[in-house]
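Visitor: Model the following, please.
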Amino acid sequence: MSKIDDLIRERCPDGVPFRPLGEIGEFVRGNGLQKADLTDAGVPAIHYGQIHTAYGVWTKETKSFTSTELASRLRRAKPGDLVIATTSEDDSAVAKATAWLGDTEAAVSGDAYIFRHALDPKYVAYFFQSCSFQEQKNRHITGTKVRRISGEALARIVIPVPPLEVQREIVRILDAFTELVAELVAELVAELEARRVQYQRYRAKLFAFEECAVEWSTLGGVSVKVSSGGTPTSGRAEYYGGDIPWLRTQEVDFAPITGTAMTITEAGLQNSSAKWIPAHCVIIAMYGATAAKVAVNEIPLTTNQACCNLEINQEVADYRFVYHWVASQYERLRSLGEGSQSNLNAKKVREFPIPVPPMSVQKQIVRILDRFDALVNSLTDGLPAEIAARRKQYAYYRDRLLSFEETAV
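Guide: Next up is the predicted model:
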């Protein structure tokens, strides 16, 4: 850090100006490009959904293209522009951005903005990852299920603007650090994947009950109550942002539920079919990308209508045993779904079979699988914790590099 510290002392002895993004550039909304318009050749094209899944801080090549005729009618990013996805179901992904560094213009879809500016493009892209940007952005996000931010709101976000030489030195450091952390994380991810394969094989052996050697029931049969939730009317501010935790299906992903990304008010609860459920229910997502995934809530909460909530009869089955069984049957349960997203319904969940060995056997299996599960899935222990620590370390140094004293007014 000594070189950049020396450079900042030399070039910015009195701090740096902080300016709204709208004063240093302009936001241009993308338009008209649909997934069906993407091709394997032609004019470079960026669909907003690809920013979430296919691009990092910058890119020199697009994953997709579109026809010359269509591109001529679309708004296009110039080399050096930022391309920003403005919608997501996850607040942290709203305004995810990538710097377009290709040699030609790239067509950009709707639900995305092009930010045209005179700063170092990678510097701006790194700033969009920073805590400072995220904190400012979060004040402007709107919507309920689909969260979004407008170009007018983005224009009000303030960015430190050091001299270009300082911006480029920060980019050089962050590029090198990004590559190093990516290599370390890739090694840890590969090891984690190997452990998960091992875990799945071992879990399958533990659950390899012969049909005649154990009693069988259904998920409904081992539950004292099966319920789903509900969603308050969208667009009503008085129904959201209260103190009642409200779980959405995208948060059901083989991990303990210790909190929720969204909350509702008592009025929101009364306005919907959502109901309180006690801690230690087995929750199965029925719709969308997470259909057939499972989780256990560690706190009482409410859910939306796409969650099937099983309150387990503890005299019949250990709730952790039920959780591990359902997790092991993910592919089989998902295959029962219908439509493009394999959507399930409560009837199919209730009727799904489960072995019910003696409670002592259930608890022994739970003890073994909980230990293995912590190694491969826990965010506080094992390999996932190591990966999270590396990413946290990276975020710390990135934010430190992007922190400046502001020029006195």
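Visitor: CA only for contacts and neighbour counts going forward, please
Guide: Noted.
Visitor: I'd say residue 228 and residue 302 touch.
Guide: No. Counting by Cα atoms under 8 Å, residue 302 is not a contact partner of residue 228; they are 9.1 Å apart.
Visitor: Settle it for me: which of those two has more neighbours?
Guide: Counted by other Cα atoms under 10 Å, residue 228 and residue 302 do not tie: residue 302 has more neighbours, with 27 against 23.
Visitor: how distant is the helix or strand hosting residue 165 from the center of its chain?
Guide: Residue 165 belongs to helix 164-206 when elements are defined using DSSP states H and E. Here helix 164-206 is found 17 Å from its chain centre; the criterion is Cα atoms, centre = their mean, to the nearest Å.
Visitor: State the mean pLDDT of it.
Guide: Averaging pLDDT along helix 164-206 gives 90.
Visitor: And residue 118, how far from residue 98?
Guide: Residue 118 sits at a distance of 16 Å from residue 98 (criterion: Cα to Cα, to the nearest Å).
Visitor: same check, this time on residue 262
Guide: 27 Å.
Visitor: who's more crowded, those two?
Guide: Ranked by neighbour count (other Cα under 10 Å), residue 262 and residue 98 place residue 98 first, with 25 against 18.
Visitor: Make sure that one is indeed in a helix.
Guide: No. Looking at residue 98 with DSSP: H, G, I helix; E, B strand; the rest coil, it is strand, so not inside a helix.
Visitor: from what I can see it touches residue 84, true?
Guide: Yes. Using Cα under 8 Å, residue 98 is in contact with residue 84, at 6.6 Å.
Visitor: where in this structure is pLDDT low?
Guide: 1-2, 211-212, 377-382, 409 (pLDDT under 70).
Visitor: Give me the residue at the spatial middle of it.
Guide: Compute the mean C-alpha point of the chain, and by Cα atoms, centre = their mean the closest residue is residue 90, 5.8 Å away.
Visitor: and that residue, what is it in contact with?
Guide: residue 147 (Cα atoms under 8 Å, 6 or more residues apart in numbering).
Visitor: okay, and the common contacts of residue 98 and residue 84?
Guide: residue 51.
Visitor: Residue 149 - nearest residue in space that isn't next to it in sequence?
Guide: Closest residue in space to residue 149, ignoring its immediate chain neighbours: residue 141 at 5.0 Å, by Cα to Cα, 6 or more residues apart in numbering.
Visitor: which ones are touching the one you found?
Guide: 91, 94, 147, 148, 149.
Visitor: Just the ones of these in strands?
Guide: Those of the contacts of residue 141 mapping onto strands are 147, 148, per DSSP state E.
Visitor: between the contacts of residue 141, which is closest to residue 175?
Guide: Distance ranking of the contacts of residue 141 against residue 175, using Cα to Cα, places residue 94 first at 23.0 Å.
Visitor: ok, now how distant is that closest one from residue 48?
Guide: Going from residue 94 to residue 48 by Cα to Cα gives 11 Å.
Visitor: show me the contacts for residue 323.
Guide: Residue 323 makes contact with 282, 294, 295, 296, according to Cα under 8 Å, 6+ apart.
Visitor: Pairing partners for the first one in the sheet, please.
Guide: What it means is residue 282. Per DSSP bridges, the residues bridged to residue 282 are residue 296, residue 310.
Visitor: ok, it touching residue 313?
Guide: No. If you go by Cα under 8 Å, residue 282 and residue 313 don't touch, sitting 11.1 Å apart.
Visitor: Tell me which of these two has more neighbours.
Guide: Neighbour totals were compared for residue 282 and residue 313, and residue 282 leads with 25 against 16 (other Cα under 10 Å).
Visitor: Next, the contact list for that one, please.
Guide: For residue 282, counting by Cα under 8 Å, 6+ apart, the contacting residues are 294, 295, 296, 297, 309, 310, 311, 312, 319, 322, 323.
Visitor: Check the gap between the closest residue to residue 223 other than its chain neighbours and residue 290 for me.
Guide: Nearest residue to residue 223, sequence neighbours excluded (Cα to Cα, 6+ apart): residue 312, at 4.2 Å. Noted for residue 312: a distance of 22 Å to residue 290, by Cα to Cα.
Visitor: For residue 214, the count of nearby residues, please.
Guide: Neighbours of residue 214 (other Cα under 10 Å): 12.
Visitor: OK, contacts around it?
Guide: Residue 214 makes contact with 355, 356, 357 under the criterion Cα under 8 Å, 6+ apart.
Visitor: Export those as JSON lines, with columns for secondary structure.
Guide: Listed next are these as JSON lines, based on three-state DSSP:
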{"residue": "355", "secondary structure": "strand"}
{"residue": "356", "secondary structure": "strand"}
{"residue": "357", "secondary structure": "coil"}
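Visitor: Which single one of the residues you listed is nearest to residue 52?
Guide: Looking across the contacts of residue 214 and measuring by Cα to Cα, the closest to residue 52 is residue 355, at 39.8 Å.
Visitor: What about that closest one, how many residues nearby?
Guide: Counted with other Cα under 10 Å, the neighbours of residue 355 add up to 22.
Visitor: Repeat that for residue 32.
Guide: Residues lying near residue 32 (other Cα under 10 Å) number 16.
Visitor: and it, how far is that from residue 80?
Guide: Applying Cα to Cα to residue 32 and residue 80 gives a distance of 22 Å.
Visitor: same question, residue 291
Guide: 39 Å.
Visitor: Of those two, which one has the most company?
Guide: residue 291 (25 against 22).
Visitor: nearest spatial neighbour of the more buried one, skipping sequence neighbours?
Guide: Spatial nearest neighbour of residue 291, excluding adjacent residues (Cα to Cα, 6+ apart): residue 285 at 4.8 Å.
Visitor: so who does that neighbour touch?
Guide: Residue 285 neighbours (Cα under 8 Å, 6+ apart): 249, 250, 252, 291, 292, 293, 294, 306, 307, 308.
Visitor: pretty sure residue 328 contacts residue 206?
Guide: No. Applying Cα under 8 Å, one finds residue 328 not in contact with residue 206, separated by 10.4 Å.
Visitor: Would you mind telling me which of these two has more residues around it?
Guide: Counted by other Cα under 10 Å, residue 328 and residue 206 do not tie: residue 328 has more neighbours, with 18 against 13.
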